[in-house]
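Asker: 3D, please:
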Amino acid sequence: MEDLTGQLAELLEDITYDFSAHNLSTNCCENISHGEFRALRAVSRRDGCTMQDIARNIAVTKSGATRIVSRLEEKKLVLRVQERSDARICCVRLSKDGKAMLSRITEAPAKKISSVLDAMSPDMRQILLIGLRAFIETARAHGTIDGQLEEAESPVSKTGNKIIG
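Answerer: Residues are numbered from 1 along each chain as shown. Next up is the predicted model:
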């Protein structure tokens with residue numbers, strides 16, 4: 001098991017490095033930090049993201065998330081919006097510029113991944129997706145990592161039918 005663990009750790013590290021939007025400088029890309037990039041991604045995944053949501057998704061404190069959001073707001077990449085039902089709650093949304101930047105940043109890694117997936121057989125793509133989902137779901141169920149997969153992201157529907165092919 002120890003050998004398998006080491007191999008998996010190395011593969012995940014290689015995948016993360018080779019297929020993510022980053023470089024070795026202090027900035028992720030387009031003059032934002034890696035933390036700012038992760039916050040943009042967290043905000044993009046849900047409509048009306050709270051500071052607490054952002055903090056949990058990028059593994060920082062709530063005050064750390066607030067500082068990151070303040071920098072993103074200064075760069076005009078996000079907007080803070082008061083929740084209509086409860087003015088005490090501040091939600092963060094991507095601005096038009098933030099959506100455009102996130103799209104530009106994620107375009108190159110998405111093309112690289114797509115190219116590799118296109119070279120794989122459909123069955124191997126499905127096995128890869130199911131295996132990675134199972135790994136993440138198990139890690140979350142055991143409390144190793146935070147968050148839950150949204151149902152729409154699951155590779156298999158409730159009926160057991162494949163969502164991708």
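Asker: Which residue is the nearest non-sequential neighbour of the residue nearest the centre of the chain?
Answerer: Centroid-nearest residue in the chain, with C-alpha atoms, centre = their mean: R41, separated by 5.4 Å. Setting aside the residues directly before and after it, R41 is nearest to L102 in space (C-beta to C-beta, 6 or more residues apart in numbering), at 6.9 Å. (C-beta placed from N, C-alpha, C; glycine too.)
Asker: Can you report how many residues lie near C49?
Answerer: Neighbours of C49 under the rule other C-beta atoms under 10 Å: 22.
Asker: Now for it: which residues touch it?
Answerer: Contact partners of C49, counting by C-beta atoms under 8 Å, 6 or more residues apart in numbering, are 42-43, 91-93.
Asker: Quick check: beta-bridge partners of it?
Answerer: Taking DSSP bridges as the rule, C49 bridges to V92.
Asker: now for the helix ranked longest in the chain, which elements pack on it?
Answerer: Longest helix of the chain, by residue count under DSSP state H: helix 96-119. Here helix 96-119 touches helix 34-44, going by 3 or more C-beta pairs under 8 Å, 6 or more residues apart in numbering; DSSP states H and E.
Asker: ok, V60 - contacts?
Answerer: Counting by C-beta under 8 Å, 6+ apart, V60 touches 35, 68.
Asker: repeat that with 7 Å
Answerer: V60 sits next to G35 when contact means C-beta atoms under 7 Å, 6 or more residues apart in numbering.
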